[in-house]
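Peer 1: Could you work out the structure for the sequence below:
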Amino acid sequence: MPCPYYFGIVSGRDTDKFAATGLTPVKSDLVDAPYVKEFPLVLECKLLHAFELGLHTQFVGEIADVKADEEVLGESGYPDIEKAKPIVYTPMARTYHGIGKYLGLGFSVGRKI
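Peer 2: As a prediction, this is how the structure comes out:
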């Protein structure tokens, strides 16, 4: 997890993140930002809005493309959350967590009550 974390907290204005991590930048055909070749799942986003919130800026984007390695795809050809093993950040606690096991099918679990 150190590399995804590093890419999220260090500004590219001051540091060459690719040189610091040894990862490979790939030029996007759709957006004005490189993506990381070694990351198994990439969401390329177009910026729609930027809101200044005190000392922070909140960015709202639109997913322009999804790039996924074969090993994170399910039988349907779409990314499989259990194979991708995403990391979730909890801002208030400042902690990272992995995704747990499958719990049930969306919009059907509550119908059993």
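Peer 1: now the helices: where do they sit in this protein?
Peer 2: 2-9, 17-21, 81-84 (DSSP state H).
Peer 1: right, so of those, which gets closest to Pro34?
Peer 2: Proximity of the helices of the chain to Pro34 was assessed by C-beta to C-beta; the nearest stretch is helix 17-21, lying at 7.6 Å. Where you see a C-beta, it was placed from the backbone N, CA and C, and this is true even at glycine.
Peer 1: ok now the helix or strand of the chain with the lowest mean pLDDT, how far from the chain's centre?
Peer 2: For the chain, the helix or strand with the lowest mean confidence is helix 2-9, at a mean of 76 (criterion: mean pLDDT, DSSP states H and E). Relative to the mean C-alpha coordinate of its chain, helix 2-9 is positioned 11 Å out (C-alpha atoms, centre = their mean, to the nearest Å).
Peer 1: Any buried residues in that helix, and which?
Peer 2: For helix 2-9, burial by neighbour count (16 or more other C-beta atoms under 10 Å) applies to Phe7.
Peer 1: And it, what does it pack against?
Peer 2: In this structure, helix 2-9 makes packing contacts with helix 17-21, judged by 3 or more C-beta pairs under 8 Å, 6 or more residues apart in numbering; DSSP states H and E.
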